[in-house]
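Participant: need a structure here:
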Amino acid sequence: MKYRGASQLMMSGMAMVLLAAPGCSNMKWFQSGSDDQSMSQEGRSGSEYAKRDSARDGQYPSLGREDGMSEPEGGKLRGFSPLVNGQISGEERLSRSNIGNMLMPVDRDEKWYAEIRREEAAAMEAGLKDVFYGYDRYSVSDNDGVVSLTTNADWLKENPKALLKISGHCDERGTHDYNLVLGEKRAKAAKSFLVDLGVNAKQVAIVSYGKDRPFCADHDEACHQQNRRGHMLLRK
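Facilitator: Here you go, the predicted model:
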């Protein structure tokens, strides 16, 4: 009993010393990821962009970030790396097992899916072409992209009642949030190019799917190139 009482006194004394030790009052606990906020919902509404872009001011829209990404240079995003230590993180990389789910609408709305297919078919019938982008880029600079958008602009000016929706897509590299921003930039750049060629801004809506709805499931550069695009959908 004496030894037990002595042990309790010693432990109590140590606790008091620790509490009184210099610097202990400055210890803080941090929760990993506490400041990690999602920048965007799963796919942004085309009608929302049609309203917001009806009065075009020649500037890219603010994407709600204040980390140096608001106005990238040379058509390339900056502010954080699209890769984690130069690699694609396991939870971010798409696999063949879930590629079908990514291609289908999130809500599995068959009516919505059928409408998308009709709009894709209408765009193909009209001869409208998708525009493709370089890795981590959103500027329209290559000759093929310029030719495609010029052809699209000519058709839209001849059909002023038609509504074009440009969906921005990315390859699998980088985080979900990063690619939503990049996809929006790509769709916005394509729209701005069309408007500069004389297309009515109200004819063009944009939406970003980031990397969530890829066109190709392989993990190589040929597939990545197919997924980095501005996809044309047409509603007559």
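Participant: quick one, phi psi at residue 207?
Facilitator: Here is the backbone geometry of residue 207 (degrees, to the nearest 10): phi -150, psi 150.
Participant: hey, what's it bridged with?
Facilitator: residue 167 (DSSP bridges).
Participant: now do residue 132
Facilitator: Counting by DSSP bridges, residue 132 is bridged to residue 229.
Participant: count of neighbours near it?
Facilitator: 18 (other Cβ atoms under 10 Å). Quick note: C-beta positions are derived from backbone N, CA and C, even for glycine.
Participant: that one and residue 236: what is the separation?
Facilitator: 25 Å (Cβ to Cβ, to the nearest Å).
Participant: do the same with residue 125
Facilitator: Residue 125 sits 9 Å away from residue 236, taking Cβ to Cβ as the criterion.
Participant: just the CA coordinates for stretch 118-136, please, in PDB.
Facilitator: What follows is stretch 118-136, C-alpha atoms only, in PDB (Å, rounded to 0.1, in the frame of the first residue of the first chain):
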ATOM      1  CA  ARG A 118     -28.900  13.500 -79.600                       C
ATOM      2  CA  GLU A 119     -26.900  16.700 -79.100                       C
ATOM      3  CA  GLU A 120     -23.700  14.800 -80.000                       C
ATOM      4  CA  ALA A 121     -25.300  13.400 -83.100                       C
ATOM      5  CA  ALA A 122     -26.600  16.900 -84.100                       C
ATOM      6  CA  ALA A 123     -23.100  18.300 -83.800                       C
ATOM      7  CA  MET A 124     -21.600  15.600 -85.900                       C
ATOM      8  CA  GLU A 125     -24.300  16.000 -88.600                       C
ATOM      9  CA  ALA A 126     -23.600  19.800 -88.700                       C
ATOM     10  CA  GLY A 127     -19.900  19.100 -89.100                       C
ATOM     11  CA  LEU A 128     -18.900  20.700 -85.800                       C
ATOM     12  CA  LYS A 129     -15.500  19.500 -84.600                       C
ATOM     13  CA  ASP A 130     -14.000  19.100 -81.100                       C
ATOM     14  CA  VAL A 131     -10.900  21.000 -80.200                       C
ATOM     15  CA  PHE A 132      -7.900  19.300 -78.500                       C
ATOM     16  CA  TYR A 133      -5.400  20.700 -76.000                       C
ATOM     17  CA  GLY A 134      -1.800  20.100 -75.000                       C
ATOM     18  CA  TYR A 135      -1.000  18.700 -71.500                       C
ATOM     19  CA  ASP A 136      -1.900  21.100 -68.800                       C
END
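Participant: in that stretch, what counts as buried?
Facilitator: Burial within stretch 118-136, assessed by neighbour count using 16 or more other Cβ atoms under 10 Å, is assigned to 119, 122, 123, 126, 128, 129, 130, 131, 132, 133, 136.
Participant: residue 205 sits in which helix or strand?
Facilitator: Taking DSSP states H and E as the definition, residue 205 sits inside strand 204-210.
Participant: elements contacting that strand?
Facilitator: For strand 204-210, the packing partners by 3 or more Cβ pairs under 8 Å, 6 or more residues apart in numbering; DSSP states H and E come out as helix 46-52, strand 163-169, helix 176-196.
Participant: redo those as TSV? Include mean pLDDT and mean neighbour count.
Facilitator: TSV is the format used below for those (pLDDT from 0 to 100; neighbours: other Cβ atoms under 10 Å):
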stretch	mean pLDDT	mean neighbour count
helix 46-52	40	15
strand 163-169	97	25
helix 176-196	97	24
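Participant: how about TSV for these, with distance to residue 146 added?
Facilitator: Listed next are these as TSV, based on distance: least, Cβ to Cβ, whole Å:
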stretch	distance to residue 146
helix 46-52	23
strand 163-169	15
helix 176-196	8
